[in-house]
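okay, here's the prediction I keep looking at, along with the sequence it came from:
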Amino acid sequence: MTRVLVVDDDPQILRALRINLTAHGYDVTVAPDGAGALRAAADVPPDVVVLDLGLPDLDGTEVIAGLRGWTPVPIIVLSARVGSSDKVHALDAGADDYVTKPFGMAELLARLRASVRRAAVATVDGEPVVDAGGFRVDLAAKKVVRDGAEVHLTPTEWGILELLVRHRGKLVGQRELLRAVWGPGYGTETNYLRVYLAQLRRKLEADPSRPEHFITEAGMGYRFEV
């Protein structure tokens, strides 16, 4: 049974999430503040954390930092903060996903399932083999297989894909991508990214016009979803 730690200072939200998640087969622990969340996670390590940013004792990003000091557990931020800077700050702190309040239970459940799938990726020689459904990325062999056939990628395409896959589910900023793939002298040539992401979508997405795996976060960067 998947263990979920829900952290929120609103008793009604805690109760609603505990009831709904338990009904869907999750083992739920709740905490009303940051200190309680860190203690609960240390006592019984969860498989995924659902975390509100506006806590009474600690900011949610401080809780993320505390967890990231010892565990790679998936963290889904659940917050009423809707600004892009808040999202970027939370993702940069180590969160894996961000859901804005008010939210639908179906969406949260889908994001929980996706987080658990990403955390359970198989490994070969210590490197993950990521199954995206329509294609598989083997980071050890440095190859992509789609419909039983290897997909030819250019070195630049592979560099972008590898970085996104290694940070699957997380926002990778435009500047980070440019500097990692093209070099430290780059950082503003966002047109390069648009061109190469379009090429990757044509090669790997079932419908490149409606990408499911290579997601654009307008003005910020890109995210790879499994």
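Nice, thanks for sending it over. Note that the coordinates shown come from a computational prediction; the quantities given were computed from them, not determined experimentally.

can you measure across stretch 63-80, start residue to end residue?
17 Å (CA to CA, to the nearest Å).

residue 213 against residue 203, yeah?
No. At 11.3 Å, residue 213 does not count as touching residue 203 under the criterion of CB atoms under 8 Å. C-beta coordinates here come from the backbone N, C-alpha and C atoms, glycine included.

please parse the chain into its domains.
3-119, 123-224 (automatic domain parsing).

gap between the two ends of the longest one?
The stretch domain 3-119 measures 13 Å between its terminal residues, going by CA to CA.

before we move on, the earlier item: which of the domains of the chain sits most buried?
The highest average neighbour count among the domains of the chain, using mean count of other CB atoms under 10 Å, belongs to domain 3-119 at a mean of 18.

chain center to it: distance?
Offset of domain 3-119 from its chain centre (CA atoms, centre = their mean, to the nearest Å): 12 Å.

stretch 187-194 now?
22 Å.

can you list contacts of it?
160, 174, 175, 177, 178, 179, 182, 186, 222 (CB atoms under 8 Å, 6 or more residues apart in numbering).

mind redoing it with 7 Å?
174, 175, 177, 178, 179, 182 (CB atoms under 7 Å, 6 or more residues apart in numbering).

please apply the same query to stretch 200-213.
Contacts for stretch 200-213 (CB under 7 Å, 6+ apart): 132, 134, 135, 144, 146, 151, 157, 160, 161, 214, 224, 225.

who is the fourth one paired with across the strands?
This points to residue 144. Beta-bridge pairing of residue 144 under DSSP bridges involves residue 137, residue 151.

pretty sure residue 36 sits in a strand.
No. Residue 36: not assigned to a strand; according to DSSP: H, G, I helix; E, B strand; the rest coil it is helix.

ok, and the closest non-adjacent residue to it?
residue 7 (7.7 Å; CB to CB, 6 or more residues apart in numbering).

from residue 14, how far out is that neighbour?
9 Å (CB to CB, to the nearest Å).

pull the contacting residues for the most centrally placed residue in the chain.
Closest to where the C-alpha atoms of the chain average out (CA atoms, centre = their mean) is residue 169, at 2.5 Å. When contacts are counted by CB under 7 Å, 6+ apart, residue 169 is found next to 96, 97, 115, 118, 223, 225.

quick check: the farthest pair among these?
Taking CB to CB as the measure, these span a maximum distance of 12.9 Å, between 115 and 223.

where does this protein have its least confident helix or strand?
strand 123-124 (a mean of 42; mean pLDDT, DSSP states H and E).

mind listing the helices for this protein?
11-23, 34-43, 60-68, 84-93, 105-119, 155-166, 174-181, 190-204 (DSSP state H).

want to try CSV for these, with distance to residue 49 and mean pLDDT as columns?
Shown next, in CSV, are these (distance: least, CB to CB, whole Å; pLDDT from 0 to 100):
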stretch, distance to residue 49, mean pLDDT
helix 11-23, 12, 94
helix 34-43, 7, 92
helix 60-68, 7, 90
helix 84-93, 12, 80
helix 105-119, 9, 84
helix 155-166, 21, 90
helix 174-181, 24, 87
helix 190-204, 30, 94
